[in-house]
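1. The following comprises the amino acid sequence and a computationally predicted model.
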Amino acid sequence: MLTRQPYKSTKRHHFRNLSLSVVRFHFCSCRISYCYLYLLISTEKIKTLTLSSYHRTQSSLALAAEALGKKMGPSCQSLVLLLAVLVLGLSLPCSDAIRINKVKTRTNVYLSPKLVLEPGSVADKYFYNINFPKGHIAIKYFNAEVIDEEGSPIPLHETYLHHWVLARYYARTSYLEPEQIGFEHVENSDFQLVRNSGLCQNNVLGQYYGLGSETRKTDTHVPDPFGIEIGNPAEIPAGYEERWMLNVHAIDTRGAVDRLGCTECRCDLYNVTKDGQGQPLRPGYKGGLYCCYDGTQCSVKQGSNGVKRSLYLRYTVKWVDWSDSIVPVKIYIFDATDRTDQSAGSSLKHDCRVEYNVEPCSTVDAVNDQCFHNQQAVITMPTGGYIVYGVAHQHTGGLGATLYREVLF
């Protein structure tokens, strides 16, 4: 696994087209890859600067009942790539006065409901209405890791954290969320998913945060004076309240016949021919999102007798109370597989496929050390911005990711 440290910049960038280029190794077998781009964008003026002072509030533990679910999973050996960039557009005439406020950044640590895993097993759970800060606030940081009942972090070679996703939604105050289904399958007027501002459609990549096995090494801090605004009472429909959903996908690789194959969700290792909804896999599908859903079992070595254990996702949230000193940002997520359909005229359709094939390397390329694959997407931004943060996430075989821009003068 390769982890890219966050990129931070004070340079101002005006652009229209963004090009995301993903480079990775070919291997001797087919692989499925993933890549999406995370952006925060603001066009607000800075008239007040925020200086944050950190302190910790009392931790609380959310040990609620489990919720069964279904979701993603990679493939015949897979690569996951996340490129996160905070893009913020600023306009500050020299004549504008700047006021500096000092605010306190609060911190809370929570636990998800438990995940019960044994060697080779998969947990892909959806936990609704999780513990989360309330009120009109600005999120400054969110991160998570898998721990055991004693609070000790679990190494990735024992339990692979494939992904976690944090989603925001509005629910009527009397609404009880369903169990065993993902939010994309909830069809109820009492439930309204609040998507990010990204261009993907059909309930694809609508989360507010999402990472995976690189979580422990990735800084998600939003620098001052910026923040992700939530809990604005003017935006919440009458009779509803703001809630949060956490999707956790973990794979127990203790005793696995092929640990890498299990984490990359090769269908043959899971003995899977149907997806989590009971539908047959499409012809030629060797692994990916539909082969390691909740309750599936990856092949383990004969005689493996690891015990069942209860694990939790411990997540940390940092935030400040909302004020005029904070510059709001919007979240955009772009997919490297996005193939924009312009046939609808002015109404563009963004076909975000999430995963894509990387074909095996040829013998000639292998001999010449030229086993490289490049996946690229060009997206037209609806607005310019100010890039202050960026991070790339890749799994085995990844070489790097680059974000280009077309500068407009």
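-> It's in. Residues are numbered from 1 along each chain as shown.

2. Just give me the neighbour total for Asn247.
-> The number of residues packed near Asn247 is 25, by other C-beta atoms under 10 Å. Where C-beta positions appear, they are placed from N, C-alpha and C, glycine not excepted.

3. The residue nearest to it when sequence neighbours are not counted and Ala144: what is the separation?
-> For Asn247, ignoring the flanking residues on the chain, the nearest one in space by C-beta to C-beta, 6 or more residues apart in numbering is Val165 at 4.3 Å. Here Val165 is placed at a distance of 10 Å from Ala144 (C-beta to C-beta, to the nearest Å).

4. hang on, the earlier thing: what pairs with the host helix or strand of the residue nearest to Asn247, and is each one parallel or antiparallel?
-> Element membership of Val165 [criterion: DSSP states H and E] is strand 159-172. If you go by DSSP bridges, strand 159-172 pairs up with strand 191-194 (antiparallel), strand 209-211 (antiparallel), strand 240-252 (antiparallel).

5. can you tell which of these is closest to Ser174?
-> Nearest of those to Ser174, taken as C-beta to C-beta: strand 240-252 at 10.1 Å.

6. which helices and strands does whichever helix or strand comes after the closest one pack with?
-> With elements assigned by DSSP H and E, the helix or strand that comes after strand 240-252 is helix 259-263. With contacts defined as 3 or more C-beta pairs under 8 Å, 6 or more residues apart in numbering; DSSP states H and E, helix 259-263 has these neighbours: strand 159-172, helix 267-270.

7. before we move on, the earlier item: got the strands paired with strand 159-172 as CSV, with mean pLDDT and distance to Ile139 columns?
-> What follows is the strands paired with strand 159-172, written out as CSV (pLDDT from 0 to 100; distance: least, C-beta to C-beta, whole Å):
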stretch, mean pLDDT, distance to Ile139
strand 191-194, 94, 13
strand 209-211, 86, 9
strand 240-252, 96, 11
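
8. Could you save these as CSV and add columns showing distance to Pro113?
-> Putting the strands paired with strand 159-172 into CSV (distance: least, C-beta to C-beta, whole Å) gives the following:
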stretch, distance to Pro113
strand 191-194, 19
strand 209-211, 18
strand 240-252, 9
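
9. Just give the closest residue to Glu158, not the sequence neighbours.
-> Per C-beta to C-beta, 6+ apart, closest to Glu158 is Arg254, 5.5 Å.

10. what's near enough to touch the one you found?
-> Going by C-beta atoms under 8 Å, 6 or more residues apart in numbering, Arg254 touches 119-120, 158, 300, 304, 306.

11. could those residues be laid out in JSON lines, adding pLDDT and distance to Thr273?
-> Below are those laid out as JSON lines (pLDDT from 0 to 100; distance: C-beta to C-beta, whole Å):
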{"residue": "Pro119", "pLDDT": "96", "distance to Thr273": "23"}
{"residue": "Gly120", "pLDDT": "96", "distance to Thr273": "18"}
{"residue": "Glu158", "pLDDT": "95", "distance to Thr273": "28"}
{"residue": "Val300", "pLDDT": "96", "distance to Thr273": "20"}
{"residue": "Ser304", "pLDDT": "81", "distance to Thr273": "24"}
{"residue": "Gly306", "pLDDT": "83", "distance to Thr273": "27"}
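
12. which of the residues you listed lies closest to Val194?
-> For the contacts of Arg254, the nearest to Val194 is Glu158 (34.9 Å; C-beta to C-beta).

13. Is it correct that that closest one is in contact with Gly255?
-> No. Contact criterion C-beta atoms under 8 Å: Glu158 and Gly255 do not qualify, at 9.9 Å.

14. Surely Arg216 is in a helix?
-> Yes. Under DSSP: H, G, I helix; E, B strand; the rest coil, Arg216 sits within a helix.

15. Measure how buried it is and give me the count.
-> Close neighbours of Arg216, defined as other C-beta under 10 Å, add up to 14.

16. Model confidence for it, exactly?
-> At Arg216, the pLDDT value in this model is 85.

17. Contact partners for it?
-> 145, 153.

18. quick one: it and Ile147, what's the gap?
-> 11 Å.

19. anything in contact with each of those two?
-> With C-beta under 8 Å, 6+ apart as the test, Arg216 and Ile147 both reach Pro153.

20. can you map out the strands along the stretch 301-409 of the chain?
-> 309-321, 327-335, 339-341, 349-351, 355-358, 372-380, 387-394, 398-407 (DSSP state E, counting those that start in this stretch).

21. Between those, which one is closest to Cys291.
-> strand 355-358 (11.3 Å).

22. Strand partners (parallel or antiparallel) of the closest one?
-> By DSSP bridges, strand 355-358 pairs with strand 31-41 (antiparallel).

23. can you tell me which of the contacts of Arg254 lies nearest to Phe132?
-> Closest to Phe132, out of all of the contacts of Arg254 and judged by C-beta to C-beta, is Glu158, at 28.1 Å.

24. Tell me how far that closest one lies from Ile379.
-> Glu158 is 38 Å from Ile379, by C-beta to C-beta.

25. Please enumerate the helices of the stretch 101-250 of the chain.
-> Assigned by DSSP state H, counting those that start in this stretch, the stretch 101-250 of the chain shows no helices.

26. thinking again about what came up before, looking at the strands paired with strand 159-172, which is nearest to Tyr356?
-> Here strand 209-211 is closest among the strands paired with strand 159-172 (C-beta to C-beta), at 18.2 Å.
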